[in-house]
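1. next comes the sequence, and after it the predicted model I'd like to discuss.
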Amino acid sequence: MFKRTCLGTMAVLMLAAAQAEPAPWMSTALSPDQRADLIQAQLTRAEKLVLVHGYFGDDVIINPHYPPPPDAIRKALPRAAGYIAGIPRLGIPAQLETDASLGVSNQRHMRPGDTATALPATLATASSWNPQLAFQVGAVVGQETRDKGFNILLNGGVDLARDPRNGRNFEYAGEDPLLAGSVVGEAIRGAQSRHIISTAKHYAVNDQEIGRDWLSSNLSEKAMRESDLLAFEIAIERGAPGSIMCAYNRVNGVYSCENDFLLNKVLKGDWVYPGYVMSDWGGVHSTTKAAMAGLDQESAFEFDRDDYFGPALNAALDGPDGAALQARVDNMVHRILRSMFAYGLFDDPAVAGPSDVQAHGAVAQAAAEEGIVLLKNERGLLPLVAGAKRIVVIGGHADIGVLSGGGSAQVMPVGNAPEQEILVGGAGQDASGKNRIPTEKMIYDPPSPLAAIKAETHGKVAFDDGSDIAHAAAAARGADVAIVFVERWQREGTDAPDITLPGNQDALIAAVAKANKRTIVVLETGNPVAMPWIDSVGAVLEAWYPGNRGATAIGRILFGKVNPSGRLPITFPQSLEQLPRPVVPGKDLRQPDNRWTPNETLFDVDYNIEGSDIGYKWFAAKKLKPLFPFGHGLSYTSFTFGALSVSGTEVSFDVRNTGKRVGKAVGQVYAATPVAGERLVAFGKIELKPGETKHVTLAVDPRLLASFDVAAQLWRVAAGDYAFRLGASSAETSATATVHLDASTIKP
Ligand code: BGC
């Protein structure tokens, strides 16, 4: 008896000692790769397959062919966009994925009361031309991701704006690879500073929504390397995302998630990317082909036509390609675990708790204040003086909030109330009648612009909803100033048919402007819009979808507490005829009801029309005059730029605030190479007091002076004269400098 008790005690003590000893892979002295190797050596084949196979994390039945998700997922906290089970015996945490870039999303509105800070749209953050601010925005979203118990954030949208109708442009950072890559890279870095994994998406050339599952983005390698891929390359270099999400579309005929060129050759080969590739939801089309092409994890398999990385992958491991596939599975698992170690998922697990929404709101406000662009301001109409006695605010639901973009990035904003949700279409069933299609709603972020304007003035502020144009014009007639809010809702899954403000909004502005010369237009759009009324209004602000503090930012800009400093990250065309594709390709093709129903229509989109000449480069090449050029944005002060000097890969210049207010200038340096047109090669945002001059030095990435040589597979700087140009936008020139560069090459 005594002996047995002693032995029992010893066993307990030994167990305790073993438990106290951390597993070898928990040593932070080791590299993420070493730690991944150590834990991976413990995994069985079945466990490895768990890590490469994702579930939809919500308990909505997505695909009637599959049973409801296991209880582990239903009970997984919280409901997620994606869920990958952990391996508890080894302490590998479950991967809980949430969208995304504009705040922690709650797309399906299925968690009443579950709100998050709505940051401005990524397009607005890009309009700040301030990557440091983008870092702070990313850090807020990353922190709230943790605070809700998620450890993977599906943000990092960096597809370039090839089309001003793209339904997701508001989730992206505009048309230029340097600006987009810098802004999104910093947002990713900010998010990951909160010890979660972030993605960069949607890789690659996912540049329109209509037919995104069936279209092929056709583009030469040279043009792709110099445009869409360069944006990813820069974002990945700056942000080092733990994961890349491959896109829905095909690229040159091959689905992105089984595209050997994109995944193996460019991403993992040329760019030596060490993280993992996850599929977009429904983006997988094969097992062995996708695995061997470089896909590392199937996300939410219920969205795919088959459970490709589930039992099918297990079976394929026993098939003829088994050995090569096993090596690939080991590499997939290594990449996933490596990112989990590298970004703190083991060392600093996310724990659900309250978020500091006050502090996060302050960042949202700063981002909105820098992202709103003053497009026009005649005779100093803005800023409004606090003494304006009668102000009429018209239209745009300005009495309830500011519009936000829809789709998987939809945030339920802090302070959300039912009256800020407007039903679109209606609740419905899919074609089978069995599955509920979640109701779509336009969500308005509080507070309302009306309340924000009232907070800025002692004057009398009236509101007219704009539905009756004559009534609105009559209200404007006697006012000191009329502020017309107009809006265009965009969402994932479809593109706008045109660039026209919907409904009666153009007519409303025209009528109000006729009634009151002091008319200001505030746009809440996810893209450029045409402005047939532009000559008749005094001032125009592009507020994009400005988020939870957007109205406050608009009020502060209107009344001059904040000096606007946003610059356009996307060209505003005058008309559709100016675009490379006046009609969105695939627009007239029938849209299937269900993604997994085999009734898709494959079609091609010819991006070789403009190649790498996206946006302002296209306008320059075709000698077209846009409505507002890329880089344009006004201030309440004025700046002058001094001479431009170029030395090696550095450019420098003086900038002076010649006005009476503190303001932020954006120095933009463009360069034309001997073989190609102008592109943005450097930019910097500089705050200046009245009368202050600063000297600015910016580095130029030599790839921006080069062309991609496909035969030699490298960047080539041609010998010759390079014309540099400094300006306040792509269409303005303050100083020029021409330098001769010798030939050189850069490895991708
Ligand atoms: C979107 C992704 C998103 C995913 C998960 C997809 O439809 O394209 O951007 O991260 O859904 O919600």
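-> Cool, the structure landed.
2. could you tell me the end-to-end distance of stretch 523-534?
-> Chord length of stretch 523-534, first to last residue, is 12 Å (C-alpha to C-alpha, to the nearest Å).
3. can you list the buried residues in it?
-> 523-531, 533-534 (16 or more other C-beta atoms under 10 Å). (Glycine included, C-beta is placed from N, CA and C.)
4. before we move on, what about stretch 80-91?
-> For stretch 80-91, the neighbour count (16+ other C-beta under 10 Å) marks 80-87 as buried.
5. same question for stretch 713-731.
-> 715, 717-718, 722, 724-731.
6. which bits of the stretch 351-500 of the chain sit near the ligand?
-> Residues of the stretch 351-500 of the chain found near the ligand (C-beta under 6 Å from any ligand atom) are Ser408.
7. show me where pLDDT drops low in the stretch 351-500 of the chain?
-> When residues are selected by pLDDT under 70, those of the stretch 351-500 of the chain lie in 386, 425-439.
8. quick one: the strands in it, in order.
-> Taking DSSP state E, counting those that start in this stretch, the strands of the stretch 351-500 of the chain run over residues 373-377, 390-394, 402-403, 421-424, 428-429, 436-437, 440-445, 460-464, 481-488.
9. check contacts around the closest residue in space to Lys622 that isn't next to it in sequence.
-> For Lys622, ignoring the flanking residues on the chain, the nearest one in space by C-beta to C-beta, 6 or more residues apart in numbering is Gln578 at 7.7 Å. Contacts for Gln578 (C-beta atoms under 8 Å, 6 or more residues apart in numbering) come out as 619, 622, 624, 626.
10. now, which of those residues lie within helices?
-> Phe619 (DSSP state H).
11. any idea how this protein splits into domains?
-> Domain assignment for the chain by automatic domain parsing gives 30-342, 357-416+444-569, 637-748.
12. enumerate the residues of this protein near the ligand.
-> Residues of the chain lying near the ligand (C-beta under 6 Å from any ligand atom): 81, 99-100, 154, 201, 280-281, 408.
13. and these, which is closest to Thr736?
-> Set against Thr736, the nearest of these by C-beta to C-beta is Lys201 (37.9 Å).
14. shouldn't the closest one be in contact with Ala247?
-> Yes: at 7.2 Å, Lys201 counts as touching Ala247 under the criterion of C-beta atoms under 8 Å.
15. overlap in contacts of these two?
-> Counting by C-beta under 8 Å, 6+ apart, the residues touching both Lys201 and Ala247 are 159, 280.
16. partner residues bridging Asp738?
-> One correction, residue 738 is Thr, not Asp. Here Thr738 sits in beta bridges with Ala723, going by DSSP bridges.
17. who touches it in this structure?
-> Counting by C-beta under 8 Å, 6+ apart, Thr738 touches 721-724.
18. and the longest helix along the chain, average pLDDT?
-> In the chain, taking DSSP H as the definition, the longest helix is helix 322-342. Helix 322-342 shows a mean pLDDT of 98.
19. need the contact partners of it.
-> Helix 322-342 has contacts (C-beta under 8 Å, 6+ apart) with 25, 32-33, 35-37, 39-40, 43, 48-49, 51-52, 92-93, 95, 197, 242-243, 274-277, 288, 291-292, 296-297, 313, 316-317, 319, 346-347.
20. and with 7 Å instead?
-> Residues outside helix 322-342 that contact it (C-beta atoms under 7 Å, 6 or more residues apart in numbering) are 32-33, 35-36, 39-40, 43, 48, 51-52, 197, 242-243, 274-276, 288, 291-292, 296-297, 316-317, 346.
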